[in-house]
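Asks: dropping a prediction and its sequence here:
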Amino acid sequence: MVSFKSILALCSVAAVAVALPAGNATEVDRRSSLSLTTSTTGTYNGYFYSLYNQNGAGVTMTDYGATYALNWASSSGDVVAGVGWATGAARTIAYQGTFSPSGNAYLSVYGWTTSPLVEYYIVENYGTYNPSTGATKLGSVTTDGSTYDIYKLTRTNAPSIQSSSSNFNQYWSVRQSKRSSGTVTTANHFNAWASLGLSLGSHNYQILATEGYESSGSSTITLPSDP
């Protein structure tokens, strides 16, 4: 999948009161939320959030802090949404949720580094299309209950966190046994990538993301209440 992303555009963010079912978020999460519809980034209830909506339509992301709920339609084009951390790290990420796409979509730990500029994915689940299609398979790593296939893809004159036209590599770990809840030991992926010559730079943001491309669906994902 070719994903066109930018964190340069900011939109209006509406604060609304929404209740969540017990057990899905902390008490402070259940008192309030953000309703997001167009491209934006920020921090809410201790967690960084990011939403990219290519066409500015067909998307509603409700951000409770540790939990987000996403609904998207094919009119969005490409949508990438999630919560996590403004600065990535080799952290162990526990998450739980649901992921219900119709068409081309995936659920992943997603982030960027600079120097070198790298976009990376640790894919936990996907819809009708394996997002690594067209990438070069370099190896695999077995961790957190499954084998992940490792791929590299080079992007040329593509949008990035730095500009609308950048050259950079994408690194992928794609899980063979799909899931929508579990624990991701990112250090195991980073180390496996490094052993294959795939170097990361200084971490930018890192989120547990849902991405949909010319598809529709919904997801609800929860991270630990303490970021």
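Replies: Ah, there it is.
Asks: buried stuff in the longest helix seen in the chain?
Replies: The single longest helix within the chain, with elements called by DSSP state H, is helix 186-195. By neighbour count, and taking 16 or more other CB atoms under 10 Å as the criterion, the buried residues in helix 186-195 are 186, 188-190, 192-193. All C-beta atoms are positioned from the backbone trio N, CA, C, and that covers glycine.
Asks: next one: stretch 79-98 to chain centre, how far?
Replies: Between the mean C-alpha location of stretch 79-98 and the chain-wide mean there is a distance of 7 Å, by CA atoms, centre = their mean, to the nearest Å.
Asks: again with stretch 45-54
Replies: Using CA atoms, centre = their mean, the offset of stretch 45-54 from its chain centre is 10 Å.
Asks: and for it, what's in contact with it?
Replies: 4-7, 26, 28-29, 34, 36-43, 59, 61, 63-66, 68, 76-86, 205, 207, 209, 223, 226-227 (CB atoms under 8 Å, 6 or more residues apart in numbering).
Asks: weed out the non-buried ones from the residues you listed.
Replies: With neighbours counted using 16+ other CB under 10 Å, the contacts of stretch 45-54 contain these buried positions: 5, 7, 26, 29, 34, 36-41, 59, 61, 63-66, 68, 76-86, 205, 207, 209, 223.
Asks: restricted to strands, list these.
Replies: Secondary structure assignment by DSSP state E places 34, 36, 40-41, 59, 61, 63, 68, 78-85, 205, 207, 209 of the buried ones among the contacts of stretch 45-54 in strands.
Asks: so what's the backbone phi/psi at the residue lying closest to residue 178 once chain neighbours are set aside?
Replies: Taking CB to CB, 6 or more residues apart in numbering as the measure, residue 178 lies nearest to residue 125, with 4.4 Å between them; neighbours along the chain are not counted. With angles defined as degrees, to the nearest 10, residue 125 shows backbone torsions of phi -160, psi 150.
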